[in-house]
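**Q** Fold the following.
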Amino acid sequence: MNSKEQQEAEFRSFTAAHRTTLRRQAYLLCGDWYQADDLVQTALVKLFAAWRRVEPGGAPAYARRIVLNVFFSHRRLAWVRRERASSDTPPRRIEAPQLGVDARLDVIEALAALPPRQRATVILRFCEDLSVEETALALGCSTGTVKSQTAKGLKRLREVLARPAVTASTER
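**A** This next block holds a predicted model:
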């Protein structure tokens, strides 16, 4: 096997092992599974282009950073900003027999209410279980910025989650 084939095999192996985690991170950032797939696909294309320069041990962190960069650059596109007609969406509850589904959906909606940097910080700190230093490295900012963005994000999450949910019985 030549060097190029070996690199492709290593990349396929990395992708198989980490795609699900990257997709979950992207979903938590954007709140849409289809957009998360697009973000991860774009990130993996960029990662493949740089694969020969990536340290094997640092590949997961590098891939996570690329997903973040793709998410932030996607949010800056004018057509993405215009696409949202209103920030007020009708509340909806999904009836499901599983315990905790409603709470999980509420948290995902609350995450979507955060600005992108705060959302990324909260997700990296608490969903990806990164330290303050690792989060700062992933976002390319100082540890103080991570701490302040995390505090602001958690405060906003508490505010959003403290609001009473509108149920079908109260709408009548």
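**Q** where does this protein have low pLDDT?
**A** 78-100, 165-172 (pLDDT under 70).
**Q** Domain map for it?
**A** Here the domain parsing of the chain from automatic domain parsing is 1-83, 94-172.
**Q** starting at the chain centroid, how far to the longest one?
**A** Computed by C-alpha atoms, centre = their mean, to the nearest Å, the separation of domain 1-83 from the middle of its chain amounts to 11 Å.
**Q** And the last one, by the same measure?
**A** Taking the mean of its C-alpha atoms, domain 94-172 sits 10 Å from the chain's own mean (C-alpha atoms, centre = their mean).
**Q** Format the domains of the chain as CSV; extra columns: mean neighbour count.
**A** The C-beta positions use only the backbone N, C-alpha and C, and glycine is treated the same way. Listed next are these as CSV, based on neighbours: other C-beta atoms under 10 Å:
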stretch, mean neighbour count
domain 1-83, 15
domain 94-172, 15
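**Q** name the helices or strands packed onto the longest helix seen in the chain?
**A** Assignment by DSSP state H gives helix 3-30 as the longest helix of the chain. The contact analysis (3 or more C-beta pairs under 8 Å, 6 or more residues apart in numbering; DSSP states H and E) places helix 3-30 against helix 33-49, helix 59-76, helix 116-122.
**Q** go again using 6 Å as the cut-off
**A** helix 33-49, helix 59-76 (3 or more C-beta pairs under 6 Å, 6 or more residues apart in numbering; DSSP states H and E).
**Q** Contact partners for R156?
**A** R156 makes contacts with L114, as judged by C-beta atoms under 6 Å, 6 or more residues apart in numbering.
**Q** What strand or helix carries it?
**A** Following DSSP states H and E, one finds R156 within helix 143-162.
**Q** now T135
**A** Assigned by DSSP H and E, T135 falls in helix 132-139.
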